[in-house]
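J.: Below: sequence and its predicted model.
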Amino acid sequence: MAELSDRPARALPGEVHVATGTPAAAVKPFGITTGQVWAKGLDGQATNRNGVERADLIRATQNS
């Protein structure tokens, strides 16, 4: 699965997107916050990382 930061930004009608330095800053205008989430590394080891919840991303795309 591609990372959010790997995808090209698509402007919504009436919106202007400004280049940001982090994925967290990119999703903030859509009301999505980052926090500690569970993840599995490439080696299969379970770990906690800073990220976004998939449900928040889906909700933001449906509301746009």
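T.: Received, thanks. Numbering: from 1, shown residues only.
J.: Run through the neighbouring helices and strands of the longest helix along the chain.
T.: If you go by DSSP state H, the chain has its longest helix at helix 54-62. Using 3 or more C-beta pairs under 8 Å, 6 or more residues apart in numbering; DSSP states H and E as the contact definition, helix 54-62 packs against no other helix or strand. Quick note: C-beta positions are derived from backbone N, CA and C, even for glycine.
J.: in that helix, what counts as buried?
T.: If you call a residue buried by 16 or more other C-beta atoms under 10 Å, then helix 54-62 has these buried ones: residue 56.
J.: same deal with stretch 47-55?
T.: For stretch 47-55, by 16+ other C-beta under 10 Å, it's residue 52.
J.: Now residue 60: closest residue in space that isn't a chain neighbour?
T.: Of all residues not flanking residue 60 in the chain, residue 30 sits nearest, at 4.3 Å (C-beta to C-beta, 6 or more residues apart in numbering).
J.: The one you found contacts residue 62, doesn't it?
T.: No - taking contacts as C-beta atoms under 8 Å, residue 30 lies outside contact range of residue 62: 11.2 Å.
J.: buried residues in the helix or strand bottoming out on mean pLDDT in the chain?
T.: Confidence across the helices and strands of the chain bottoms out at helix 23-27, with a mean of 82, counting by mean pLDDT, DSSP states H and E. For helix 23-27, the neighbour count (16+ other C-beta under 10 Å) marks 23-24, 26-27 as buried.
J.: Stretch 28-36 now?
T.: Applying 16+ other C-beta under 10 Å to stretch 28-36 flags 32, 34 as buried.
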